[in-house]
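task: produce atomic coordinates for the following.
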Amino acid sequence: MTYRERSEVRFVSGGEAKGGLGQISPSAADEETPPPGVDITKPHVARMYDYYLGGTNNYAADREAAERYLTLFRQAREGARANRRFLIDAVRRLIEEAGIRQFIDIGSGLPTQQNVHEVAQKLTPDARVVYVDNDPLVRLHAETLLAGDPNTAFIEGDLRDPQAILNHPALTGLVDLSRPVGLLLLAVLHFIEDLDAARACVRTLCDRLPSGSYLVLSHSHAERRAEADMGRDVYRSSNSTFTMRAEAEIARFFEGLTLVEPGLVPIVRYEIGDDGADAGDAGPVAGAADEAVIGIIGGIARIDH
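Residues are numbered from 1 along each chain as shown. Here you go, the predicted structure:
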């Protein structure tokens, strides 16, 4: 599928669950006294992403690596903001057009404004959300943000072990896997270098979700190998590999699923609703002229078995 192709498939209503939750603002990182178990000597991809978004939960090593990436890909900040808006829009669409009431957000990253449970809860008080990330700092902030919320949970887990995520008591105790789920894989699969291994993770997750569930996926994109190699080199010093992929490779994550409109496209083509300005620090939506330099493509697909 090319950028200009469109799917004729539209959303079909799924199931629903029950619940309710609140919100607590996260605190900033303390450069002098990092939390126990947090290594601030090596860049971490979640904290680098936080820096791109203009957050404060990052350290010197994260900022240095992020700045090196920004010298090569000057629109990385705009890309991070566009990706955040794509996430916000996707959650709204799944609730309003597909009836989804429960979400699993893997690679959720550090809390920012308009987190998934906040977006979902604004539209439907009964939304349930499970966040998953492998960064101890994300866990610490999530525990503060979600304290006292019976309908949200955080799992310190890794996308490369999807069965552990799906079988975790915190997930099975909150998410009803017999009812449709919104699976959110935003800007996370490019941290798995091997394409077949990454596809296997996606397939394992989708196979466990019932028909009527949806996959929301975005991925760093580069058609030229030289660009992909430059991005990979910057992230070598971090806690993860980084692999930009061509459109044809990213399309393989959607095999066996049904893409909804507008298909697999640059994420800036996904339109924010009337209240899209209420996206906190996600910043302005990039224009169509910026599609190539933003360098992230994505799509939403229905899961049917």
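
how far away is residue 123 from residue 131?
For residue 123, the distance to residue 131 equals 18 Å [C-beta to C-beta, to the nearest Å]. No exception for glycine: its C-beta is placed from N, CA and C like everyone else's.

more neighbours: the two, which one.
residue 131 (28 against 13; other C-beta atoms under 10 Å).

correct me if wrong: that one contacts residue 154.
Yes: counting by C-beta atoms under 8 Å, residue 131 touches residue 154, with 4.8 Å between them.

next, show the common contact partners of the two.
142, 146 (C-beta atoms under 8 Å, 6 or more residues apart in numbering).

let me see the contact set for residue 76.
By C-beta under 8 Å, 6+ apart, the residues touching residue 76 are 52, 66, 69-70.

of those residues, grab the buried ones for ChimeraX.
Of the contacts of residue 76, the buried ones can be selected in ChimeraX as follows, counting by 16 or more other C-beta atoms under 10 Å:
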select :52,66,69
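
from the contacts of residue 76, which ones fall inside helices?
Members of the contacts of residue 76 lying in helices (criterion: DSSP state H): 52, 66, 69-70.

out of the residues you listed, which is nearest to residue 91?
residue 52 (20.3 Å; C-beta to C-beta).

wait, what's in contact with the closest one?
Counting by C-beta under 8 Å, 6+ apart, residue 52 makes contact with 66, 70, 76-77, 79-80.

looking at these, point me to the pair that's furthest apart.
It's 66 and 79 that sit farthest apart of the contacts of residue 52, by C-beta to C-beta, at 12.2 Å.

quick one: the helices in the stretch 201-305 of the chain, in order.
225-235, 247-251, 291-294 (DSSP state H, counting those that start in this stretch).

which strands or helices does the longest one pack on?
What that stands for is helix 225-235. helix 60-72 (3 or more C-beta pairs under 8 Å, 6 or more residues apart in numbering; DSSP states H and E).

and of the contacts of residue 52, the nearest to residue 198?
Among the contacts of residue 52, and counting by C-beta to C-beta, the member closest to residue 198 is residue 79, at 19.6 Å.

surely the closest one and residue 297 touch.
No: at 10.7 Å, residue 79 does not count as touching residue 297 under the criterion of C-beta under 8 Å.

show me where pLDDT drops low in the stretch 51-200 of the chain?
111-113 (pLDDT under 70).

ok, which stretches of it are strands?
Counting by DSSP state E, counting those that start in this stretch, one finds strands in the stretch 51-200 of the chain at the ranges 102-106, 128-133, 152-156, 182-186.

indicate which one of these is closest to residue 56.
It is, among the strands of the stretch 51-200 of the chain and with distance given as C-beta to C-beta, strand 128-133, at 17.7 Å.

mind listing the strands that closest one pairs with, and their directions?
Sheet pairing here is set by DSSP bridges, and for strand 128-133 it gives strand 102-106 (parallel), strand 152-156 (parallel).

among those, which is nearest residue 208?
That would be strand 102-106 among those, by C-beta to C-beta, at 10.2 Å.

thinking again about what came up before, make JSON lines out of the contacts of residue 52 and add distance to residue 105.
Formatted as JSON lines, these follow (distance: C-beta to C-beta, whole Å):
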{"residue": "66", "distance to residue 105": "22"}
{"residue": "70", "distance to residue 105": "26"}
{"residue": "76", "distance to residue 105": "21"}
{"residue": "77", "distance to residue 105": "22"}
{"residue": "79", "distance to residue 105": "19"}
{"residue": "80", "distance to residue 105": "16"}
